[in-house]
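S.K.: Below: sequence and its predicted model.
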Amino acid sequence: MRIVVASVQVPYIAGGAEILARGLVDALRAGGHATELVTLPFRFFPGAEVERAMTVWEGEDFSRLNLYEPDLVVCLKFPAYGLAHPRKVAWLLHQHRAGDAAQAAASPAESTLARAVEIFDRQHLATCRRFAISRRVADRLAATTGLAADVLYHPPYEPERFHTAEAMPYVLMPSRLEDGKRQELLVRAMALVRTSVGALLVGEGGQHGRLAGLVAELGLQSRVRLLGAVSWDELRAMYAHSLAVFFGPFDEDYGYVTLEAMLSHKPVITCTDSGGPLEFVEDGVTGAVVSPEPAAVAAAIDALWSDRARARRLGEAGHARYRALDLNWARVVERLTASP
């Protein structure tokens, strides 16, 4: 079968969406399908650029791609699913969060854009077979459009290469340095941690300067390290030797960090409003689910270091939970390419 994977690209910003797109293309090719990834640049501000992107994708007819017509188009991100094709599947990573059209604090322009996005999603996703990468994404879709989507989980990058080792006194948090990932929550928690545990923050992003300033302000230079970008081998080693992994973003779509921690036999500390991670982390079973407050995060860290045997049990339970999910790309390909 000839298949096109359609998505958008924000130049110089890469993360889980790009890992997913590459993994899907590789899996489709391994399944014998002639597959191409087709992207267009996406500008998420100002609002006029978002509206222009919707118009551009609505003008794309993927039944006419030079000499070849794909048999199937798999759309991943807003607004790629606005394209035209007789056999279109949406595997939704997330919707565009333009704000709440009814929110009192929203400006007239923000409210107008939010309504336009809701109309676009309702119109174009109704024409697709629909899957979502998590229950959280599916729930958001249902709330904003009334459309249902089947949940289709997938594995992280090279899951077979994660391993475990003896825990050292640090908590790991690998993620882009941005507000929604809430590294600040961990930094502030470290000022309240009573045991000898430190924190390693891996990743780059626009919040590096502010976080570095906060570490200095709180006098945590000896306990919190901002490591920037590291190699995959280095990251897997950090997972393996960590006491636990903190991943407490706000309303995350999926979260590879959770799965990578489970593959490394490590408990995950997450928050009650973290979204996707809550589909995998069970409080007191595979990790800790705490309120998004520094004191609660600090207490969870101290409890794990004070009872390292329990921390190991939670990590082992997380690994067993991951194995029970039986995440694999072959199943993803089978679901996406099945006849309607």
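M.R.: Yep, it's here.

S.K.: Low-confidence regions, the stretch 101-250 of the chain specifically.
M.R.: Within the stretch 101-250 of the chain, the set of residues satisfying pLDDT under 70 comprises 101-106.

S.K.: Which stretches in it count as helices?
M.R.: Here the stretch 101-250 of the chain has its helices, by DSSP state H, counting those that start in this stretch, at 108-125, 135-145, 183-190, 208-217, 232-241.

S.K.: so which of these is the most packed in?
M.R.: helix 183-190 (a mean of 22; mean count of other Cβ atoms under 10 Å). For glycine as for every other residue, the C-beta is placed from the backbone atoms N, C-alpha and C.

S.K.: re the thing from before, out of the helices of the stretch 101-250 of the chain, nearest to Ala296?
M.R.: With Cβ to Cβ as the criterion, Ala296 lies closest to helix 183-190 of those, at 8.0 Å.

S.K.: Tell me which residues are up against that closest one.
M.R.: With Cβ atoms under 8 Å, 6 or more residues apart in numbering as the contact definition, helix 183-190 has outside contacts at 171, 173, 175, 177, 198-199, 201, 207, 210-211, 214-215, 218, 220, 223-224, 246, 248, 271, 292-295, 297-298, 301.

S.K.: Among these, which are located in strands?
M.R.: The subset of these located in strands under the criterion DSSP state E comprises Val171, Met173, Gly198, Ala199, Leu201, Val224, Phe246, Cys271.

S.K.: Now render those as a markdown table, adding neighbour count and distance to Glu279.
M.R.: Supplementary listing: the ones in strands among the contacts of helix 183-190 in a markdown table, determined by neighbours: other Cβ atoms under 10 Å; distance: Cβ to Cβ, whole Å:
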| residue | neighbour count | distance to Glu279 |
| --- | --- | --- |
| Val171 | 26 | 22 |
| Met173 | 27 | 19 |
| Gly198 | 18 | 29 |
| Ala199 | 23 | 25 |
| Leu201 | 23 | 24 |
| Val224 | 25 | 29 |
| Phe246 | 30 | 17 |
| Cys271 | 26 | 14 |
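
S.K.: which of those residues sit farthest apart?
M.R.: Within those, Gly198 and Cys271 form the most distant pair, 20.4 Å apart (Cβ to Cβ).

S.K.: Looking at the helices of the stretch 101-250 of the chain, spot the one closest to Gly15.
M.R.: Gly15 lies closest, by Cβ to Cβ, to one member of the helices of the stretch 101-250 of the chain: helix 232-241, at 13.8 Å.

S.K.: Can you show me the CA trace of that closest one as PDB?
M.R.: In PDB, the C-alpha atoms belonging to helix 232-241 read as follows (Å, rounded to 0.1, in the frame of the first residue of the first chain):
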ATOM      1  CA  TRP A 232      20.400   8.800  24.300                       C
ATOM      2  CA  ASP A 233      23.100   6.500  25.900                       C
ATOM      3  CA  GLU A 234      23.700   9.100  28.600                       C
ATOM      4  CA  LEU A 235      20.000   9.600  29.200                       C
ATOM      5  CA  ARG A 236      19.300   5.800  29.500                       C
ATOM      6  CA  ALA A 237      22.200   5.500  32.000                       C
ATOM      7  CA  MET A 238      20.700   8.400  34.100                       C
ATOM      8  CA  TYR A 239      17.300   6.600  34.100                       C
ATOM      9  CA  ALA A 240      19.000   3.400  35.100                       C
ATOM     10  CA  HIS A 241      20.800   4.900  38.100                       C
END
